[in-house]
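**Student:** Any chance you could fold what I've pasted below:
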Amino acid sequence: MGEYSDILSRRDALQRGLGAAMALVGSSTAARGGEAPGERGSAPRSTPDQPKRTGSRPNILFAIADDWSWPHAGAYGDEVVKTPVFDRIAREGVLFTHAFCASPSCTPSRGGILTGQAIHRLEEGGNLWSILRDKFRVYPDILEAEGYFVGHMGKGWGPGTLEGSGRTRNPAGPRFETFKQFHESVPEGKPSCFWFGSHDPHRPYKKGTGLEAGMKTEDVVVPPFLPDTHEVREDIVDYYFEVQRFDSQVGELVELLETSGQLDNTIVVMTSDNGMPFPRAKANLYDYGTRMPLAIRWPARVKGGRTVDEFISFTEFAPTFLQAAGLKPLPEMTGRSFLGLLTGERPERRTALYLERERHAQVREGDRSYPMRAVRTKQFLYIENLRPNLWPAGDPEKWRAVGPFGDVDGSPTKRLILDRRDDAEMAKFFRAAFAKRPAEELYDLSRDPGQLNNVANRREYAAVKKRLRAQLIHWMADTEDPRAKGETDFWDRCPYFGKTSKESGRK
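**Tutor:** This next block holds a predicted model:
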């Protein structure tokens with residue numbers, strides 16, 4: 001617990017003199033929205049580019065994959081996976097290169113999207129397999145109250161339960177079996193808001209589907225944190241196969257809108273909830289866990305053929321959708337609208353955003369969370385592992401759910417690394433994905449884009465680390481993160497509604 005105590009000591013010192021500490025960040029970052037424009041506290045923002053409410057309010061189609069990482073799309077230069085629909089949306093709309101989910105875990109990521117709030121504000125909703133209480137207002141409900149016809153199909157908010165939440169339906173809206181059913185149900189003259197949640201490319205995969213689809217494993221670019229073997233390359237093309245299936249699914253929805261003449265006044269968003277289900281990706285705050293593909297098309301107001309490199313946090317979707325519909329974002333939303341950035345009417349410089357996670361699966365003794373907080377700039381990623389004494393990927397032996405190191409989905413890649421963890425060449429990949437981590441991690445992305453060389457303890461980075469730590473602590477306090485005040489077992493005590501062993505303890 002020594003490293004965690006050190007973090008708390010440093011945090012206490014910084015909080016006692018937060019004004020002085022924030023001088024390290026610079027006057028432009030002390031105000032909300034400076035170094036962290038993607039997130040803010042509870043005070044409402046002015047919205048000078050608020051559109052007038054008219055009869056031509058846009059439809060909204062939000063299409064979200066399940067475990068798809070940047071940069072796995074043709075529009076980003078990937079030459080193996082074929083994503084013609086995503087590429088079209090990017091070509092005719094805006095392609096975002098620095099879009100990040102709020103948390104690299106399905107339930108909290110989707111909760112952040114729907115509420116526009118940082119996941120630590122969602123109480124139990126910060127965990128996987130949890131609940132999202134009805135006191136946390138969601139944009140589909142707000143739009144419905146303002147005249148929109150709303151619905152969802154596939155995977156909406158979740159996984160989790162509605163029981164005890166005060167809700168009678170999924171926070172993403174009423175369920176429809178097909179988009180065609182929803183589309184034909186929209187009353188004449190009403191704008192619509194639809195959430196399409198695919199289950200792709202979530203595991204398990206059917207082995208060999210990528211090869212059967214014609215993909216060549218030799219063309220795959222293997223991320224540097226994974227071993228470059230035939231097994232891993234084949235696993236990646238099986239993942240690509242499901243990415244392609246998601247792309248095709250969205251294509252069917254787009255075609256229906258186009259045939260009905262409603263496509264050009266529909267905000268079409270295509271993205272993912274969190275990163276690819278591979279070791280050191282999903283459920284981690286490194287880029288392959290949090291950096292998402294994102295393309296948005298809306299010809300009625302958005303000029304196509306643009307690429308935006310500014311940071312986008314997924315807590316910003318809700319306020320953006322509200323503002324596009326002529327409504328004001330809610331005061332409790334910590335994300336702010338990026339409508340002006342999307343339309344190009346209000347370009348702005350965004351220099352940082354914040355990332356976090358609490359309990360993913362129920363995979364540690366005592367049902368304990370593995371809390372992390374991070375700040376990401378264009379050059380650096382700074383992570384605080386608030387319980388470095390615990391295993392980041394889950395206990396080495398099964399606790400209640402999933403299996404050994406259960407925060408990493410079962411796969412041929414995981415099995416390969418674990419089976420050969422004692423081999424000299426494989427040991428580094430085991431350490432990167434499964435071993436315990438220090439209390440602080442700092443990566444210089446200009447020299448280490450794969451985020452494998454932790455420079456947190458190097459003297460030449462001391463000033464950078466101090467500045468980023470101050471920024472992170474300021475954001476945590478500003479957004480009322482319970483962990484800004486120190487250790488808490490709140491998320492450990494929250495019920496887990498996923499499948500667990502019948503008997504408590506390891507099996």
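**Student:** Going by neighbour count, which residues of stretch 117-135 are buried?
**Tutor:** Buried residues in stretch 117-135, defined by neighbour count with 16 or more other C-beta atoms under 10 Å: 117-132. All C-beta spots, glycine's among them, are computed from the backbone N, C-alpha and C.
**Student:** Check the residues you listed against His98 and report the nearest one.
**Tutor:** Nearest to His98 among the buried residues of stretch 117-135: Ala118, at 18.1 Å, using C-beta to C-beta.
**Student:** just checking, the closest one touches Met333?
**Tutor:** No: with contacts counted by C-beta atoms under 8 Å, Ala118 stays clear of Met333, the gap being 9.5 Å.
**Student:** list residues touching both of those two?
**Tutor:** Here Ala118 and Met333 share the contacting residues Thr315, scored by C-beta atoms under 8 Å, 6 or more residues apart in numbering.
**Student:** how about low-confidence regions in the protein?
**Tutor:** 1-55, 501-507 (pLDDT under 70).
**Student:** Can you tell me which residue is spatially central in it?
**Tutor:** Per C-alpha atoms, centre = their mean, the C-alpha nearest to the average position across the chain is that of Cys101, at 2.1 Å.
**Student:** these two touch, right, that one and Asn284?
**Tutor:** No: at 11.6 Å, Cys101 does not count as touching Asn284 under the criterion of C-beta under 8 Å.
**Student:** beta partners of the closest residue to Gly154 other than its chain neighbours?
**Tutor:** Distance criterion C-beta to C-beta, 6 or more residues apart in numbering; nearest residue to Gly154, sequence neighbours excluded, is Gly197 at 3.9 Å. On the basis of DSSP bridges, Gly197 is bridged to Ile64, Gly154.
**Student:** Please apply the same query to Ile312.
**Tutor:** Beta bridges link Ile312 to Ala99, judged by DSSP bridges.
**Student:** Give me the number of neighbouring residues for it.
**Tutor:** Ile312 has 26 neighbours, counted by other C-beta atoms under 10 Å.
**Student:** can you point me to the longest helix in this structure?
**Tutor:** Longest helix of the chain, by residue count under DSSP state H: helix 230-259.
**Student:** Can you list the helices and strands that that helix packs against?
**Tutor:** Packing partners of helix 230-259 (3 or more C-beta pairs under 8 Å, 6 or more residues apart in numbering; DSSP states H and E): strand 59-65, helix 84-92, helix 179-185, strand 192-197, helix 209-212, strand 266-272, helix 412-419.
**Student:** In this structure the residue nearest to Gly154 contacts Asp67, no?
**Tutor:** No: here Gly197 does not reach Asp67: they are 11.9 Å apart, not a contact under C-beta under 8 Å.
**Student:** Which of those two has more residues huddled nearby?
**Tutor:** Counted by other C-beta under 10 Å, Gly197 and Asp67 do not tie: Asp67 has more neighbours, with 27 against 21.
**Student:** That one and Pro201, how far apart?
**Tutor:** 6 Å (C-beta to C-beta, to the nearest Å).
**Student:** what sits in contact with each of those two?
**Tutor:** Joint contacts of Asp67 and Pro201 (C-beta under 8 Å, 6+ apart) are 276-277.
**Student:** Do a quick rundown of the strands in the stretch 251-400 of the chain.
**Tutor:** For the stretch 251-400 of the chain, the strands defined by DSSP state E, counting those that start in this stretch occupy 266-272, 291-297, 306-313, 352-357, 372-377, 380-385.
**Student:** Show me what the longest one is packed against.
**Tutor:** If I follow you right, that is strand 306-313. Counting contacts by 3+ C-beta pairs under 8 Å, 6+ apart, strand 306-313 packs against strand 94-100, helix 339-343, strand 352-357.
**Student:** How far off centre is the helix or strand just after the longest one?
**Tutor:** The C-terminal neighbour of strand 94-100 among helices and strands, as given by DSSP states H and E, is helix 106-115. The gap between where helix 106-115 is centred and where its chain is centred comes out at 8 Å by C-alpha atoms, centre = their mean, to the nearest Å.
**Student:** Just the C-alphas of helix 106-115, formatted as CSV.
**Tutor:** Extracted C-alpha coordinates of helix 106-115, given in CSV (Å, rounded to 0.1, in the frame of the first residue of the first chain):
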residue,chain,number,x,y,z
CYS,A,106,-19.3,-1.3,-21.7
THR,A,107,-21.8,-0.2,-19.0
PRO,A,108,-20.0,3.0,-17.8
SER,A,109,-19.0,4.1,-21.3
ARG,A,110,-22.6,3.9,-22.4
GLY,A,111,-23.8,5.6,-19.2
GLY,A,112,-21.4,8.5,-19.9
ILE,A,113,-22.7,8.8,-23.5
LEU,A,114,-26.4,8.9,-22.4
THR,A,115,-26.0,11.2,-19.4
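**Student:** What angle do strand 306-313 and it make with each other?
**Tutor:** Using axes from the mean of the first three to the mean of the last three C-alpha atoms, to 10 degrees, the direction of helix 106-115 lies 110 degrees away from that of strand 306-313.
**Student:** Can you name the next helix or strand after helix 106-115?
**Tutor:** Of the helices and strands lying after helix 106-115 in sequence (DSSP H and E), the nearest is helix 139-145.
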